[in-house]
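A.B. asks: Sequence first, then the predicted structure:
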Amino acid sequence: MRASNMRRFASLFSVAALGVGVIMASSAQAAWPERNVTMFVHSGSGSSSDVMARTFAKALESVTDVKVIVQVKGRDYAPA
C-alpha cells in the first residue's frame, strides 16, 4: 500500500514539475526573431537565385517586420 502511494506522489510531482517548467519556458522566450535575418546566396550577383532570394526577402520583411539581409557569396565560397 505504501509503495503505491509513493508512486502516485512521484507521478503527481513529476507532472506538476513539468507543467511549471513549460509555463516558465514559454514566458522566457522572446518574440522571433530578435535580430536581423541574413540569407546567403551561393551564386553570382544578378543570377536567378539572387533575384529569387531578394524577392523572398522582401516578402519575408513585410510579414515579420524584421530586416532581411541578402548576401551574395560567389561559387568559390565554402562556409566554415
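C.D. replies: Alright, I've got the coordinates. Residues are numbered from 1 along each chain as shown.

A.B. asks: quick one: the helices in the protein?
C.D. replies: Along the chain, counting by DSSP state H, helices occupy 2-28, 48-64.

A.B. asks: Out of these, which gets the lowest mean score?
C.D. replies: Note on the helices of the chain: helix 2-28 shows the lowest mean pLDDT, a mean of 65.

A.B. asks: tell me the domain boundaries of the protein?
C.D. replies: 1-30, 31-80 (automatic domain parsing).

A.B. asks: Neighbours of Ser62, how many?
C.D. replies: Burial measure for Ser62: 9 neighbouring residues, criterion other C-beta atoms under 10 Å. (Each C-beta comes from the backbone N, C-alpha and C, glycine too.)

A.B. asks: dump the residue contacts of Lys58.
C.D. replies: Val68 (C-beta atoms under 8 Å, 6 or more residues apart in numbering).

A.B. asks: so how far is Ser43 from it?
C.D. replies: 18 Å (C-beta to C-beta, to the nearest Å).

A.B. asks: and if you look at Val37?
C.D. replies: 19 Å.

A.B. asks: Could you do Val72 as well?
C.D. replies: 8 Å.

A.B. asks: which one of these two has more residues nearby?
C.D. replies: More neighbours surround Val72 than the other of Val72 and Ser43, with 18 against 15 (other C-beta under 10 Å).

A.B. asks: Thought Met39 was touching the more buried one, still the case?
C.D. replies: No - taking contacts as C-beta atoms under 8 Å, Val72 lies outside contact range of Met39: 9.7 Å.

A.B. asks: what residues are shared contacts of Val72 and Ser43?
C.D. replies: Contacts common to Val72 and Ser43, judged by C-beta under 8 Å, 6+ apart, are Asp50.

A.B. asks: Per-residue pLDDT of Met39, please?
C.D. replies: Reported pLDDT for Met39: 88.

A.B. asks: cool, the one 3 residues further on as well?
C.D. replies: pLDDT for His42: 83.

A.B. asks: For Phe40, see how far away the residue nearest to it when sequence neighbours are not counted is.
C.D. replies: Taking C-beta to C-beta, 6 or more residues apart in numbering, and ignoring the residues beside it in sequence, His42 has Lys73 as its nearest neighbour in space, at 5.5 Å. Applying C-beta to C-beta, the value for Lys73 to Phe40 is 6 Å.
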